[in-house]
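*Asks:* below are the sequence and a predicted model for it; my questions follow.
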Amino acid sequence: MTQTLPSLTTEAAALSVAGAGLRRYEMGSALIGAGADATVVILKPGDNPAVSGVQDSTKVLLRGDAVPTLHSRFDFWEALPLLLFARLDRGCLPLGTARCRGRSFAPADFDHAELELDQPLTREMLDAVRPVPAPGPVPAVDWVDHVESDPIRALKSFVLGWFPAEEAEPAGKASTVGEPDDFPEALAAFHRLARLRPAVHRFRNPVLKQPRRASGALGSRLVFAVDGEGTRDWSIPWPPQKPGEVHPRVWLTEDPLSADPETILVREPLSRFLLQYTLYEAMNAALYQAWTYCIPTARLAPLWSMLRPVHLSPFLPAYTAEEFFVAPGLLTRVSSDDNEATVAFAALHRAMLTPLLEHGFRWSRFDG
């Protein structure tokens, strides 16, 4: 049955719901009315996740100049209702009531809020208030052809295509363990690449700009990447055990600050591991993501016609053991066994996710 939008109302009528003593404020592109009966938020439609607006079927962001007077209105336990509308061409569309799930702690710093709608928007409503634009240019995925023969080349091609150009970073200070060009070629190449695409140094779990020396049960090592919470790190033997070694092995150390950390050998050598690690963190950093709940593995079959496998061993095999697949503008990782699977997607453009709705998966997050 075809869904229809709720009846539109005028801006004045929407604001009148706030009740007596109405005061008007602006936070970014959002108009906020505060009255004796309610707080009304009127949003501008759009597709920019960095500004005020609808983000998905339940999440709404407010962002702009600080409005200290409104701080108490955006509290999860606030007694007055919070009502949301979206300003369309022919009037304001009621979106329903919401709760504030996050805001600045101090009133003087109140310049953002994360709201959650009490009832998810229908797909028709979501498309009206957050229209999905046509995708822009997307990079090719022919770098996959070089994963086995030349993983450093594959890494460079992927990074230059996926991450937008920025002002190149300067070379920076010398490391305490040597200049980047003294490192194995794969690590040196990553640092040279990071000067062209600084985004790879802003990962949630960063590759260190200045790798550090450490020691452990297996001997001296060079830590080159760390978990953002400090629960694990990745390293290579240092100094190299074989002069001129091109593909050193990688160690994963669990709980490195404990008295007895566990260090295990990663299946992939450094050059292939850095590609694997970069794909994983690029997905974490993507603006547009989609994650399925657990589904039968057989449901994945239609995906194989649109995705190319990246021939690397499963990432973090003791945890999620995820395998990577790609399509133009789309990264995918799959954790599965013979019976069940979970899938995560990351996209450069929102429109790359929207066709996934056709597969009928149950989503724990869907930005498309």
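*Replies:* Thanks, I have the structure now. Computed from a predicted model, the values in this text were never measured in an experiment.

*Asks:* look up how far residue 221 lies from residue 210.
*Replies:* 15 Å (C-beta to C-beta, to the nearest Å). Using the backbone N, CA and C atoms, a C-beta is placed for each residue, glycine as well.

*Asks:* please say which of the two ends up with more neighbours.
*Replies:* Neighbours were counted for residue 210 and for residue 221 using other C-beta atoms under 10 Å; residue 221 has more, 22 against 13.

*Asks:* so how far is residue 251 from the closest residue to that one other than its chain neighbours?
*Replies:* For residue 221, ignoring the flanking residues on the chain, the nearest one in space by C-beta to C-beta, 6 or more residues apart in numbering is residue 235 at 3.9 Å. Applying C-beta to C-beta, the value for residue 235 to residue 251 is 5 Å.

*Asks:* joint contacts of the two?
*Replies:* residue 221 (C-beta atoms under 8 Å, 6 or more residues apart in numbering).

*Asks:* ok, those two, which is more surrounded?
*Replies:* residue 235 (27 against 21).

*Asks:* can you check the distance spanned by stretch 290-298, start to finish?
*Replies:* Terminal residues of stretch 290-298 lie 19 Å apart, using C-alpha to C-alpha, to the nearest Å.

*Asks:* now it, how far from the centre of its chain.
*Replies:* 19 Å (C-alpha atoms, centre = their mean, to the nearest Å).

*Asks:* could you check it and say which residues are buried?
*Replies:* 290-292, 295 (16 or more other C-beta atoms under 10 Å).

*Asks:* among those, which are in helices?
*Replies:* In helices, defined here by DSSP state H, there are no members of the buried residues of stretch 290-298.

*Asks:* helix/strand/coil for the closest residue to residue 359 other than its chain neighbours?
*Replies:* Nearest in space to residue 359, with sequence neighbours left out and distances taken as C-beta to C-beta, 6+ apart, is residue 302 at 6.2 Å. What DSSP: H, G, I helix; E, B strand; the rest coil gives for residue 302 is helix.

*Asks:* tell me how many other residues surround residue 302.
*Replies:* 10.

*Asks:* and the pLDDT at it?
*Replies:* Looking at residue 302, its pLDDT reads 95.

*Asks:* how far away is it from residue 165?
*Replies:* Separation of residue 302 from residue 165 (C-beta to C-beta) stands at 35 Å.

*Asks:* residue 138 too?
*Replies:* 15 Å.

*Asks:* now swap in residue 364 and tell me
*Replies:* 33 Å.

*Asks:* and residue 154, by the same measure?
*Replies:* Residue 154 is 19 Å from residue 165, where distance means C-beta to C-beta.

*Asks:* give me the more crowded residue out of those two.
*Replies:* Each of residue 154 and residue 165 has its neighbours counted (other C-beta under 10 Å); residue 154 has more, 23 against 10.

*Asks:* list the buried residues in the strand or helix carrying the more buried one.
*Replies:* Under the criterion of DSSP states H and E, residue 154 resides in helix 151-162. Across helix 151-162, burial judged by 16+ other C-beta under 10 Å covers 151-159, 161-162.

*Asks:* ok, stretch 119-136 next?
*Replies:* 121, 125-126, 128-130, 132, 135.

*Asks:* end to end on it, go ahead and measure it.
*Replies:* 32 Å.

*Asks:* then stretch 183-203?
*Replies:* 21 Å.

*Asks:* give the buried residues for that stretch.
*Replies:* Quick answer for stretch 183-203 (16+ other C-beta under 10 Å): 183-184, 186-187, 189-191, 193-194, 197, 199-200, 203.

*Asks:* what mean pLDDT does it get?
*Replies:* 93.

*Asks:* which strands and helices sit next to the host helix or strand of residue 335?
*Replies:* Of the helices and strands defined by DSSP H and E, residue 335 is found in strand 330-336. Taking 3 or more C-beta pairs under 8 Å, 6 or more residues apart in numbering; DSSP states H and E as contact, the helices and strands that strand 330-336 lies on are helix 270-285, strand 323-327, strand 340-347.

*Asks:* where along the stretch 1-150 of the chain do the strands fall?
*Replies:* Using DSSP state E, counting those that start in this stretch, the strands found in the stretch 1-150 of the chain span residues 23-27, 30-34, 39-43, 53-54, 59-63, 82-88, 91-103, 112-117.
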